[in-house]
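# here is a sequence together with a model predicted from it:
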Amino acid sequence: MNLTLDEALSQGGAGRFQQRLLGIFGLVWAADAMQVIAIGFTVASIAASFGLTVPQALQTGTLFFLGMFAGATLFGRIADRIGRRNVLLLTVGCDAVFGLASVFAPDFWSLMLLRFLTGMAVGGTLPVDYAMMAEFLPPRNRGRWLVWLEGFWAVGTIIIALAAWVAHLAGAAEPWRWIFAVAALPALIGIWLRLWVPESPMYLLRKGDEIAARDVVNRVLSANGARALPSDTRLVVPAAAPVEARLFGPELRNRSLGIFAAWFLVSLSYYGVFVWLPAELAKGGFGFVRGYGFLVLMALAQLPGYALAAHGVESWGRKPTLQIFLLLSAAGCLLFTVAGNPWLVAVSLLLMSFALLGTWGALYAYTPELYPTGLRGTGMGTASAVARVGGLLAPSLMSYVAVRDFGTAIGIFAALLLLAAIGTLFIRAETRNQSIV
């Protein structure tokens, strides 16, 4: 009897094995979120420590995003060639080592180098995590579980906001060192937990190692309380895109253009808002909308965004959910530009936080399903690299526009998010309940 991998995994459903996997990947996902979001929370204290202006201190963020771009471009392709597991162990190890070393940076130049290296590790971890998680999930559970994994980003954001608040209340001399220390801890724990994770069975099957793939599937089924595959069962590769398929080849061009455009524009908008907003609120904010307390509230608003996205990708479909959250994100930005009082400002910022993180959840659920196994790591890596270009441009755009009019900058992001929603019309594929190949 022949079974595809999705058919075999469906016999055990999404159970204890996937729960453990979600916890392990989620821990490091939260750590990566903490490293990224720390940029906005550390820039003012880095400037004070080394006698710099805030735009000069933001170079640590620029180098971090440059490292993420390099890591996403490099490690996604490597994962398609040497396996997901090896790359995950390498990247999470580098994340912990270089992230912790940042705490003890003696000067600004050393700090920038360490942030670049940390960014490379984070950039390599993000796309491979998602490609691998997708390959352990049966079709009917895949979208919801991938959004749940993305939901750990909100957990990391909340932790880093609380860490910054505590450092501020405690009067720490150099708060950025405390924040980077907190950000490095989950990755340190994650190194050992990752040793439990087996290689992706889809990767093994694509490489022709059916016996190893079967062993991994039986391990999943056993953990979920299901019976092992009968001895006469053979795992087979389902019909796939042609071997010569490329990201921008005739078969995949439209979906690649549409999804990569969305990644770029969402990243530019998200980091444009959240790299500058902590400093903006900390120094005075908008009426009562100020300080670390409101930043924690904004981080909490991300959780229902993920919850609705997790429901939407399974109930409405991947593409409609992504489009709805893009339009909500644009509406939040537009509301900010016309807000005439602090209450409307607060509502607009909470809507932005809610909708932008729901958008990320839909993007991460949708993207890995758009590509076959041989291109999944490359596709996710390219999407992540494109997003890092947006992250690189965001501080420059904000330093040019926001110092003149913060509202105008947010209005630009409203237009970009609307453009991203239009760009998704190029993607003529809905992957809900579809097998990955």
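Yep, that arrived. All figures in this text were calculated on a predicted structure; none of them were measured in a lab.
# any stretches of this structure with poor pLDDT?
238-245, 279-280, 282-288, 290, 395-396, 398-406, 435-437 (pLDDT under 70).
# for it, identify the residue most remote from the centre.
Most distant residue from the mean C-alpha position of the chain: residue 232, 40.1 Å away (CA atoms, centre = their mean).
# for that one, which non-adjacent residue is closest in space?
If the residues on either side of it in the chain are set aside, residue 232 comes closest to residue 1, at 6.1 Å by CB to CB, 6 or more residues apart in numbering. In short, each C-beta sits where N, CA and C put it, glycine included.
# quick one: contacts for that neighbour?
By CB atoms under 8 Å, 6 or more residues apart in numbering, residue 1 lies in contact with 230, 232-234.
# distance to residue 20 and secondary structure for those residues - can I get that in a markdown table?
Output for the contacts of residue 1, formatted as a markdown table (distance: CB to CB, whole Å; DSSP: H, G, I helix; E, B strand; the rest coil):
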| residue | distance to residue 20 | secondary structure |
| --- | --- | --- |
| 230 | 25 | coil |
| 232 | 29 | coil |
| 233 | 24 | coil |
| 234 | 27 | strand |
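# for residue 236, give me phi and psi.
phi -130, psi 160 (degrees, to the nearest 10).
# apologies, that question was intended for residue 316.
phi -100, psi -20.
# which neighbouring elements make contact with the host helix or strand of residue 78?
Residue 78 belongs to helix 59-82 when assigned by DSSP states H and E. Helix 59-82 sits against helix 16-50, helix 84-103, helix 108-134, helix 373-401, with contacts defined as 3 or more CB pairs under 8 Å, 6 or more residues apart in numbering; DSSP states H and E.
# the inter-axis angle of the shortest one versus helix 108-134?
Which is helix 84-103. 150 degrees (axes from the mean of the first three to the mean of the last three CA atoms, to 10 degrees).
# now do helix 84-103 against helix 373-401, angle only.
Using the same axes, to 10 degrees: helix 84-103 against helix 373-401 is 30 degrees.
# show me what helix 84-103 is packed against.
helix 16-50, helix 59-82, helix 108-134, helix 175-194.
# buried sites along it?
84-85, 87-88, 90-103 (16 or more other CB atoms under 10 Å).
# who touches stretch 351-361?
Outside stretch 351-361, the residues touching it (CB under 8 Å, 6+ apart) are 146-147, 150-151, 153-154, 266, 269-270, 273, 298-299, 301-302, 304-306, 308-310, 312-313, 321-322, 325-326, 328-329, 331-333, 335-336.
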